[in-house]
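>>> For reference, the sequence and a predicted model appear below.
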Amino acid sequence: MERKKVLFVCTYHGARSRIAEEFTKQIAPGRIEAYSSCFDPWKIGPLPIDVMREAGISVPAESPKTIFKLYNEGEIFDYVICLCHMVSKEQCPLFKFSIDRLYAKMAKTISWSIPDFRSLSGTEEEKKVNARKIRDKIKSAVISFLAQIGIDAKTV
């Protein structure tokens with residue numbers, strides 16, 4: 001049986017999508033192919049990298065490929081999951097429209113409303129506490145998604 005392919009996409013530098021990719025690889029190793037992408041490639045900030053390191057998972061600082069690069073390379077996915085936060089200042093409607101235009105005919109598109117790490121404010125410790133909440137929300141969403149498509153989650 002061919003493994004399903006999932007693409008996680010977020011605006012900006014790809015931290016949320018990279019985290020979702022890494023959790024998927026950890027939770028369902030070898031049972032689903034996971035990829036991440038972004039719209040605005042740049043370095044992923046230290047905060048998401050640090051909170052993932054706390055969870056025992058290494059996340060590279062390099063942004064994943066852009067959604068357009070993957071599309072132009074002919075990549076096809078079974079699921080495309082958009083991680084933009086509906087209530088933030090992100091351009092979520094335009095972002096989701098672009099995802100649907102590129103992939104909706106080829107993949108099941110899903111939306112998760114996940115806050116961006118760049119939106120965090122307060123002291124460094126307050127930012128870290130809230131970054132852990134974002135990380136944990138992504139992990140829970142990944143586990144739920146995998147269960148919905150019939151993949152039992154490995155405990156991570």
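Received it, and whenever you're ready, just let me know what you need. Numbering: from 1, shown residues only.

>>> Let me see the ranges of the strands in this protein.
In the chain, the strands defined using DSSP state E lie at 4-10, 32-38, 79-82, 108-111.

>>> I'd like to know which of these is closest to Gln26.
strand 32-38 (9.7 Å; CB to CB). (Each C-beta comes from the backbone N, C-alpha and C, glycine too.)

>>> Spell out for me which residue occupies the centre of this protein.
Nearest to the mean C-alpha position of the chain, by CA atoms, centre = their mean, lies Ser17 at 2.0 Å.

>>> which stretches of the protein form helices?
15-27, 46-54, 67-72, 92-103, 124-148 (DSSP state H).

>>> Dump the ones you listed into CSV; add distance to Pro60 and mean pLDDT as well.
Compiled in CSV, the helices of the chain are given as follows (distance: least, CB to CB, whole Å; pLDDT from 0 to 100):
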stretch, distance to Pro60, mean pLDDT
helix 15-27, 7, 96
helix 46-54, 8, 97
helix 67-72, 17, 88
helix 92-103, 23, 68
helix 124-148, 16, 97
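
>>> Most tightly packed of the ones you listed?
Among those, ranked by average contacts under mean count of other CB atoms under 10 Å, first place goes to helix 15-27 (a mean of 25).

>>> Distance from the chain centre to that helix, please.
Averaged C-alpha coordinates place helix 15-27 at 6 Å from its chain's average position (CA atoms, centre = their mean, to the nearest Å).

>>> burial count for Ala34?
Close neighbours of Ala34, defined as other CB atoms under 10 Å, add up to 27.

>>> Thr24 is in contact with that one, correct?
Yes. The pair Ala34 and Thr24 passes the contact test of CB atoms under 8 Å, sitting 3.8 Å apart.

>>> Find residues that contact each of the two.
Val6, Phe8 (CB atoms under 8 Å, 6 or more residues apart in numbering).

>>> What about the closest residue to Ile32 other than its chain neighbours, how many residues nearby?
What sits nearest to Ile32 in space, not counting adjacent residues and going by CB to CB, 6 or more residues apart in numbering, is Lys4, at 5.2 Å. Burial of Lys4 is recorded as 18 neighbouring residues (other CB under 10 Å).

>>> residues in contact with Lys4?
For Lys4, the contact set (CB under 8 Å, 6+ apart) comprises Ile32, Glu33, Asp78, Tyr79, Ile149.

>>> what's next to stretch 48-63, contact-wise?
Identification of contacts with stretch 48-63 by CB under 8 Å, 6+ apart yields 13-16, 18-19, 22-23, 26, 38, 40-44, 117, 128, 131-132, 134-135, 139, 156.
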